[in-house]
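Q: Below are the sequence and a predicted model; questions follow.
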Amino acid sequence: MKKIIASLVAIAALSSAAFAEVKLSFYNKLYEEDAIAYHSDAADETTTDFPALKERMFVEVLSDKVDAMVKATFALDDFDEKHFGLQGSVNDWYIEFRPFEVLTLGLHTGIFADGSYLPVFYDNIGAGNIGSDGFTVTVRPVKSLRISATADFPFGGDPAGVNWLNGKKEAGEDEEFNIGIGAIYAHDLFEVGLSIQDVIDSDDRQIGFYAAFPKLFGKVEPLTLRLGFAYADNGNAVDDLIGHSFAGTLTSVNNVCAGGVDYEKLLNFSAVYEAEKFTVAAEMLYNLDDAASDYDLYSAASLSLGMVEKLTITATGKILADLSSSGVENLLGARLAFDYDVNDNHTVGAAFEMDKCDKDYAIAVPLYWKYHF
């Protein structure tokens, strides 16, 4: 990872001299977001925890030939309630190179269909990615169409993550070469995307189809609708994406409330209405196969008000629900956030969050200062 970061920094430093037009984006964010209090009904006690103090840097360089990004974070935390330490990680990165206008070669690049985007959670569903964590080749035969082929593999040298060209037998099963294909077509009135990940291996294959309708075909300019369907042969998971957004804070309290939405067939839908003074957003994931997951439904909604200049107030509610009577308790979450733009480069914010499962709950009071340009 050190070599990756060094390479991206070098690209950022030299790009202005190498290319005619360069766009640089950067932010530095000092924040804390972890839960500070947990209540366990079974133990009849409430415990407190020091929230990790985190420092994140993000830089992205866009040019006519090369694009690159790196996002890294380090944290100061108490790992055993007595000893504090620093720990860092690379959250995300990518490099893209265009030897020709129609051809892009990418490493660790995510290319998501817009219909896979969840506006409240502020992230995409993995099945909507026509890129990969490994090597991706993208062709644009026309400006509105992107066609990609991927060879997926992790970085870091883990033998368990090798993408075997000629297959390898592990635990009595053949490990097929992991290749993906996909396409995204963007029109002024709509966008559609199709991805097939791990095409050869039927045990791990995942198919996603997504559509987005900005401005609702030009009829309602503030409104955008997104929808999609994902099919995973082996029962995939939106665990990290959804469950850990609030279930993860409660997992340490008990084992009754844990996990996200595992699926074989997954529907998603979202709507965003952006007016001058407010924004309303809602999203939903629904698992069509009850046997694939304890939780079948994830839903969230938010209302952002900008009634006062430079100040935005956002209220969010969310639920992770069991609709098949499998015995797990529903997860509920609520958040009230305040964001204030000090000027064009500085933003500060504070929030109150509470996540609840049965009689257990977790509380967080996130704070941040962000410098950006």
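A: That came in fine, so what should we check first? Note that the structure is predicted; figures quoted are calculated from it, not measured.
Q: So which residues of the stretch 201-350 of the chain form strands?
A: With DSSP state E, counting those that start in this stretch, the ranges of strands along the stretch 201-350 of the chain come out as 206-214, 223-237, 262-274, 278-287, 297-308, 311-321, 331-341, 346-357.
Q: Let me know which of those strands is tucked in deepest.
A: For these, the largest average neighbour count (mean count of other Cβ atoms under 10 Å) is found in strand 206-214, namely a mean of 21. To be clear about C-beta, it is placed using only N, CA and C from the backbone, and glycine gets the same treatment.
Q: thinking again about what came up before, mean pLDDT lowest for which of the strands of the stretch 201-350 of the chain?
A: Lowest mean pLDDT within the strands of the stretch 201-350 of the chain: strand 223-237, at a mean of 86.
Q: What are the boundaries of the strands in the stretch 51-200 of the chain?
A: 53-63, 66-78, 84-100, 103-109, 117-118, 123-124, 132-139, 145-151, 168-170, 173-175, 179-186, 191-197.
Q: Show me the shaky parts of the protein.
A: Along the chain, segments meeting pLDDT under 70 span 1-20, 157-160, 167-174, 234-235, 237, 239-259, 290-292, 325-326.
Q: gap between the residue nearest to the spatial centre of it and A300?
A: Per Cα atoms, centre = their mean, the C-alpha nearest to the average position across the chain is that of D123, at 3.5 Å. Distance, D123 to A300, by Cβ to Cβ, to the nearest Å: 12 Å.
Q: Return the alpha-carbon coordinates of stretch 302-312 using PDB.
A: Only the C-alpha atoms of stretch 302-312 are listed here, as PDB (Å, rounded to 0.1, in the frame of the first residue of the first chain):
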ATOM      1  CA  SER A 302     -34.000  11.700   5.200                       C
ATOM      2  CA  LEU A 303     -35.100  15.300   5.100                       C
ATOM      3  CA  SER A 304     -32.500  18.100   4.700                       C
ATOM      4  CA  LEU A 305     -33.500  21.700   5.400                       C
ATOM      5  CA  GLY A 306     -31.400  24.700   4.300                       C
ATOM      6  CA  MET A 307     -33.600  27.400   5.600                       C
ATOM      7  CA  VAL A 308     -30.700  29.300   7.200                       C
ATOM      8  CA  GLU A 309     -27.800  30.500   5.000                       C
ATOM      9  CA  LYS A 310     -24.800  28.100   5.300                       C
ATOM     10  CA  LEU A 311     -26.600  25.800   7.800                       C
ATOM     11  CA  THR A 312     -28.100  22.500   6.800                       C
END
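Q: Contacts for that stretch, please.
A: Contacts to stretch 302-312, defined as Cβ atoms under 8 Å, 6 or more residues apart in numbering, come from residues 119-120, 277-282, 313-317, 338-342.
Q: Go through the strands of the stretch 201-350 of the chain and name the closest to M69.
A: strand 346-357 (20.1 Å; Cβ to Cβ).
Q: CA atoms of that closest one as PDB?
A: Extracted as PDB, the C-alpha positions of strand 346-357 are listed here (Å, rounded to 0.1, in the frame of the first residue of the first chain):
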ATOM      1  CA  HIS A 346     -14.200  25.000   5.800                       C
ATOM      2  CA  THR A 347     -17.200  23.000   7.000                       C
ATOM      3  CA  VAL A 348     -18.000  21.800  10.500                       C
ATOM      4  CA  GLY A 349     -20.700  19.500  11.700                       C
ATOM      5  CA  ALA A 350     -22.300  17.700  14.700                       C
ATOM      6  CA  ALA A 351     -24.900  15.000  15.000                       C
ATOM      7  CA  PHE A 352     -26.800  12.800  17.500                       C
ATOM      8  CA  GLU A 353     -27.400   9.100  16.600                       C
ATOM      9  CA  MET A 354     -29.300   6.400  18.400                       C
ATOM     10  CA  ASP A 355     -29.600   2.800  17.200                       C
ATOM     11  CA  LYS A 356     -32.000   0.400  18.900                       C
ATOM     12  CA  CYS A 357     -32.700  -3.300  18.800                       C
END
